[in-house]
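Student: what's the 3D shape of this:
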Amino acid sequence: MSPFERLTELVDQGESAAMLTVVGKDGSAPRSVGTRMLVTEDDEYGTIGGGSVEGLAIEAARKVLRGDEEPGVRTYELERGGNTGMVCGGEMDVFVDRIRGQPRLYIAGGGHIGVELAAFADRLGYDVTVVDDREEYADPEQFPDGTDVIHGSYGDVLREKSMTSETAVAVATRSGTFDQEAVAAALDGNAGYVGLVASETKTEHVIESLVEDGYSRRDLAQVRAPVGLDLGGGGPEDIAVSILAEISMDRYDASGRRASRLNLDDLVVVRGGGDLGSGVVYRLQQAGYPVIVTEVARPTVVRRTVAFATAMYEDEISVEGVVGRRAADIDEALEILTDDEVPVLDDPDAAVATELDAAVLVDAIMAKGRRDTGTARDDADVVIGLGPGFEAGEDVDAVVETDRGHQLGRVFYEGTASTYDGEPGERRGYTHERVLRAPTDGQWETTAAIGDLVSAGDVVGYVEDNPVEADIDGLVRGLVHDGVGVSEGGKLGDVDPRGESVDHTKVSDKALCLGGGVLEAMLHLR
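Tutor: Okay, the predicted model is just below:
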């Protein structure tokens, strides 16, 4: 039997296989271009030359079948020192492709949902079988031509049917007892997809009954129940579409997410692009969320190398590979989002959250306990505050703790974070000594740069003509931008006594922790 004849049989049976094709040859390769070989999980048909090259190709084919590797060309070097151990000389290119078996859908229940499901599945090319124990519902005239309609016991009929990874079983009977029989038969047959149309209460009853019958929780975790993707609607047609969408998603191991470049349904607006807010932005952007940062025109951000607010001065900033760009308006912000970058808007009140109907608003201005930030619970679907100044359940939906210690990053869904005490974080015994402050009102000009090593007494800049000196030895980890107007006592920068051991270009552990807290709150509340 040729590989093609065997392939036809396998596909008709719903079995998948991998086809190996020699697509390139150089030198003394064992077989010519066009030679093919068929590989299943348990067998092989034909040959592409034998030896270690064939063994490696078969191994690659089975990895492709299992979904561990992608189809494509594999190159095998047939010479000393090559990747095959063979010494006949030359090289061989083998294309490894997965050929899927004919998809089948078994529907337990010929009611309204079964009728719609069979019609949609038929149009998608599935071989469809409908089973119902009621003669009037097992009526072939209710279903597309070619549908196999069987009147009989759900469990008995399904157990007689061949099932593979390309088989889906959708259970929509009128009784939990019949549901249980059909689900059990699908699990025993190792169907690729098992879905149960049921409420949460009915689902729990069926699952617990199957546990009592000896099925493991691990096996039952495969059952999609309640069934289908959340697409909205409640009619039989809507449910059928949601089931088939889930079957396709599982069959192709897809994400089920929108394919559009920009999905504003998940938009997050972060109010405040300082280093802590930027840690939140970094975490969310890496998790796939579109994020817009809003700022004042001239922010007094200190740790500028890890703050998206820096884009307000320099137009562009890269924070550990995530690029932030200043946007002139909302249209430009949306254009920046399509490039998988972070727009930074001059929008102190975060009005963009309302204008774009943001899913989430994070107040990260670090108001240090002030209760008049302007953020309100109705500014977005989910509103999250960082640190003191917010009360979860009142002005925001959640508060993330910003005080260092065992509570750092913890999310409160009721109540407040710990009270602001004005005490800077301790580093090697230093707290207030680390912070550079303005000696008077005026314009700030720097003489040092972020990343410089300084000693106690070194001048790092001036407010008007008044020098600002470092109180301790260390590394300049942050400085407010040149030319900013400052007020007496305002923070101008900080010196880290750990010196060169600190990487000022990396997002801090604290900022990343806050980002994790925000991500938790978003997933919990949405």
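Student: give me the low-pLDDT residue ranges for the stretch 201-350 of the chain?
Tutor: Counting by pLDDT under 70, the stretch 201-350 of the chain contains no low-confidence segment.
Student: Would you map the helices across it?
Tutor: 217-220, 236-251, 275-286, 311-314, 330-338 (DSSP state H, counting those that start in this stretch).
Student: how about those helices in a markdown table, adding distance to residue 112?
Tutor: Glycine gets a C-beta too; all of them are placed from N, C-alpha and C. Output for these, formatted as a markdown table (distance: least, C-beta to C-beta, whole Å):
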| stretch | distance to residue 112 |
| --- | --- |
| helix 217-220 | 27 |
| helix 236-251 | 4 |
| helix 275-286 | 42 |
| helix 311-314 | 55 |
| helix 330-338 | 42 |
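Student: ranking those by burial, who's on top?
Tutor: Counting by mean count of other C-beta atoms under 10 Å, helix 275-286 has the highest mean neighbour count of the helices of the stretch 201-350 of the chain, with a mean of 25.
Student: related to what we said a few turns ago, how about the helices of the stretch 201-350 of the chain, which one is nearest residue 371?
Tutor: Closest to residue 371 of the helices of the stretch 201-350 of the chain is helix 275-286 (C-beta to C-beta; 18.8 Å).
Student: Can you name every helix or strand that the closest one contacts?
Tutor: Judged by 3 or more C-beta pairs under 8 Å, 6 or more residues apart in numbering; DSSP states H and E, the packing partners of helix 275-286 are strand 268-271, strand 291-295, strand 316-319, strand 322-327, strand 382-386, helix 509-525.
Student: picking up where we left off before, so which of the helices of the stretch 201-350 of the chain comes closest to residue 399?
Tutor: Residue 399 lies closest to helix 275-286 among those, at 13.4 Å (C-beta to C-beta).
Student: returning to that earlier point: could I get the helices and strands packed on helix 275-286 as CSV with distance to residue 119 and mean neighbour count?
Tutor: Shown next, in CSV, are the helices and strands packed on helix 275-286 (distance: least, C-beta to C-beta, whole Å; neighbours: other C-beta atoms under 10 Å):
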stretch, distance to residue 119, mean neighbour count
strand 268-271, 40, 28
strand 291-295, 42, 28
strand 316-319, 51, 19
strand 322-327, 47, 22
strand 382-386, 39, 27
helix 509-525, 36, 20
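Student: Tabulate those in TSV, adding columns for distance to residue 418.
Tutor: Shown next, in TSV, are the helices and strands packed on helix 275-286 (distance: least, C-beta to C-beta, whole Å):
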stretch	distance to residue 418
strand 268-271	21
strand 291-295	26
strand 316-319	27
strand 322-327	29
strand 382-386	12
helix 509-525	14
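Student: Tell me which of these approaches residue 398 most closely.
Tutor: With C-beta to C-beta, the closest approach to residue 398 among the helices and strands packed on helix 275-286 belongs to helix 509-525: 4.0 Å.
Student: same for that closest one, what does it pack against?
Tutor: Packing partners of helix 509-525 (3+ C-beta pairs under 8 Å, 6+ apart): helix 275-286, strand 382-386, strand 398-400, strand 411-412.
Student: In the protein, which residue sits furthest out from the middle?
Tutor: The C-alpha centroid of the chain is most remote from residue 465, which lies 51.8 Å away (C-alpha atoms, centre = their mean).
Student: Against residue 488, how distant is that residue?
Tutor: Applying C-beta to C-beta, to the nearest Å, the value for residue 465 to residue 488 is 14 Å.
Student: cool, and residue 115?
Tutor: Taking C-beta to C-beta, one finds residue 115 at 78 Å from residue 488.
Student: Great, nothing more from me.
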